[in-house]
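Enquirer: Below: sequence and its predicted model.
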Amino acid sequence: GGWPNSGEIDIMENVGYETNPRMIHGTIHTAAYNGMKNNQKGESIEMTNDWHIYEIVWKEDSIQFAMDNVVYFVYEKQKSSSTSDTWPFDQKFHLLLNIAIGGNWGGIKGVDAESFST
């Protein structure tokens, strides 16, 4: 299905206009929990200026988010009431890697063109 029914796993998101621009977000979107309802599931972690390793560990009943081997969010399949509305992650899935600039969240305050100058 289409978004958000098919699910979305945001491994690493950074929104430059936030009060703390070092915050990294790991987020899950499903039919039940998504940005359009403003009830998506996720957590944040603060990064430093160093290089980092962002990862998820995707298991049959959970998705674990980590930065530099530090787990900061776990989304678990609801054992008693799980449906595809809350756990679409047991279907075939597309892997998309992108750098999204702007959009409904990151673009609220516009895009700083100076950040792309060389």
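Expert: Alright, I've got the coordinates.
Enquirer: Would you map the strands across the chain?
Expert: 8-13, 23-29, 41-46, 54-58, 62-67, 70-76 (DSSP state E).
Enquirer: okay, those strands, which one's buried deepest?
Expert: strand 23-29 (a mean of 21; mean count of other C-beta atoms under 10 Å). C-beta here means a position set from N, CA and C on the backbone, and glycine is covered the same way.
Enquirer: mind listing what it pairs with, with the direction of each?
Expert: Partners of strand 23-29 in the sheet, by DSSP bridges, are strand 8-13 (antiparallel), strand 41-46 (antiparallel).
Enquirer: any idea which of these scores lowest on pLDDT?
Expert: If you rank the strands paired with strand 23-29 by mean pLDDT, strand 8-13 sits at the bottom with a mean of 92.
Enquirer: I'd like the strands paired with strand 23-29 as a markdown table, with distance to Glu76 appended.
Expert: What follows is the strands paired with strand 23-29, written out as a markdown table (distance: least, C-beta to C-beta, whole Å):
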| stretch | distance to Glu76 |
| --- | --- |
| strand 8-13 | 14 |
| strand 41-46 | 10 |
